[in-house]
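> Got a sequence here, can you model it:
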Amino acid sequence: MKEVRYFYVPNAANTNELPTEEATHAVRVLRLKSGDEIYLMDGEGTFFQAEVTLASQKHCLYNIKKAIPQEKTWNSKIHLAIAPTKDIGRIEWLVEKVTEVGFDEISFLNCKFSERKSLRSDRIERIVVSAMKQSRKPWKPIVNELINFDDFINKDFKGAKYICHCYNEIEKIDFFNSINLQTTENITVLIGPEGDFSIDEVRKALANGYQSVTLGNSRLRTETAGLAAVMMANLSRRI
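Below you'll find the model as predicted:
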């Protein structure tokens, strides 16, 4: 039995050609040819069963045979805002894993103690797409550019908002227990850099409606905390 091949095609129902990067992979790597069956995902919740109609060096055309709408396995919106690590490979690993688990949006924070002040969102996008295809997720998470912490917390997000930190002098509640009290609210959760948020940043977030939370008794690396937060949020919102 031939392995099913999945390709990410935005607006797949209204076009008949794979994007350039996907076409190159289909033709040059997978060596697909006319008549081969493929599956498309549009990033908005639908798979499409399709057939290759033309495969050339630079183009791969298809004909859709059937649309297969999917149901999300979690309700509400899960938004992770995280300060990127100095070693960008650790954040790229995180992005891959949270996409596999299932979430909706990621933002990157420039904080007082951040060691990384820039990142390539185009590379993050490619990692997201690859993880979508690997995990068979037809929804593409939104990837936002790096933003200053103060600018982010001043944005109006609907639902419950949380900031994770390690300051003992600021009272914290358990994140997982809190999100299980309201199982339909959107979740926005902030994870700080390797040196944590500054205490002033935590207080600013609290003044802007964020709740002070802990992810447990262990002291977690930035990317581990991000993955734990998304997994907890996803579990709390499972349908």
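> I'd like to know how far the closest residue to residue 179 other than its chain neighbours sits from residue 95.
Once flanking residues are discounted, residue 179 sits nearest to residue 236: 4.5 Å by CB to CB, 6 or more residues apart in numbering. From N, CA and C alone the C-beta is placed, and that goes for glycine too. Between residue 236 and residue 95 the computed distance is 21 Å (CB to CB, to the nearest Å).
> Among those two, which residue is more densely surrounded?
Shown here are residue 236 and residue 95; by other CB atoms under 10 Å, residue 95 has more neighbours (28 against 22).
> my read: the more buried one touches residue 124, true?
Yes: the pair residue 95 and residue 124 passes the contact test of CB atoms under 8 Å, sitting 5.6 Å apart.
> so what sits against both of those two?
residue 106 (CB atoms under 8 Å, 6 or more residues apart in numbering).
> Check the secondary structure at residue 7 for me.
strand (DSSP: H, G, I helix; E, B strand; the rest coil).
> what is it paired to in the beta sheet?
residue 40 (DSSP bridges).
> Residue 212 contacts residue 170, correct?
Yes: with contact defined as CB under 8 Å, residue 212 and residue 170 form a contacting pair (5.5 Å).
> The two: which has the busier surroundings?
Neighbour totals were compared for residue 212 and residue 170, and residue 212 leads with 18 against 13 (other CB under 10 Å).
> Would you map the helices across this protein?
Along the chain, the segments classed as helices by DSSP state H run 20-24, 88-101, 121-135, 149-153, 175-179, 199-207, 222-236.
> Report the distance from the second one to the chain centre.
The one in question is helix 88-101. 8 Å (CA atoms, centre = their mean, to the nearest Å).
> and if you look at the third one?
For helix 121-135, the distance between its averaged C-alpha position and the chain's averaged C-alpha position is 9 Å (CA atoms, centre = their mean).
> The first one too?
Mean-position distance between helix 20-24 and its chain equals 22 Å (CA atoms, centre = their mean).
> buried stuff in that helix?
By 16 or more other CB atoms under 10 Å, the buried positions in helix 20-24 come out as 22-23.
> Single out the most deeply packed of the helices of the chain.
Neighbour counts (mean count of other CB atoms under 10 Å) averaged over each of those peak at helix 222-236, with a mean of 22.
> Pull the residues that contact that helix.
Residues contacting helix 222-236 (CB under 8 Å, 6+ apart): 74, 78, 80, 82-83, 85, 90-91, 93-94, 97-98, 101-103, 164, 175-176, 179-180, 183, 187, 189, 191-194, 215-216, 220.
> can you pull the contacts of residue 156?
Taking CB under 8 Å, 6+ apart, one finds nothing in contact with residue 156.
> how close does it sit to residue 164?
Taking CB to CB, one finds residue 156 at 21 Å from residue 164.
> Then residue 104?
Applying CB to CB to residue 104 and residue 164 gives a distance of 18 Å.
> what's the answer for residue 176, then?
Distance from residue 176 to residue 164, by CB to CB: 11 Å.
> Overlap in contacts, the two.
residue 215.
> that older thread, residue 104 and residue 164: which is more packed in?
residue 164 (25 against 19).
> My guess is that one contacts residue 193. True?
No: applying CB under 8 Å, one finds residue 164 not in contact with residue 193, separated by 11.9 Å.
> circling back: any chance of the helices of the chain in CSV, with distance to residue 61 and mean pLDDT too?
Below are those laid out as CSV (distance: least, CB to CB, whole Å; pLDDT from 0 to 100):
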stretch, distance to residue 61, mean pLDDT
helix 20-24, 9, 95
helix 88-101, 28, 98
helix 121-135, 20, 96
helix 149-153, 42, 98
helix 175-179, 45, 97
helix 199-207, 50, 98
helix 222-236, 37, 97
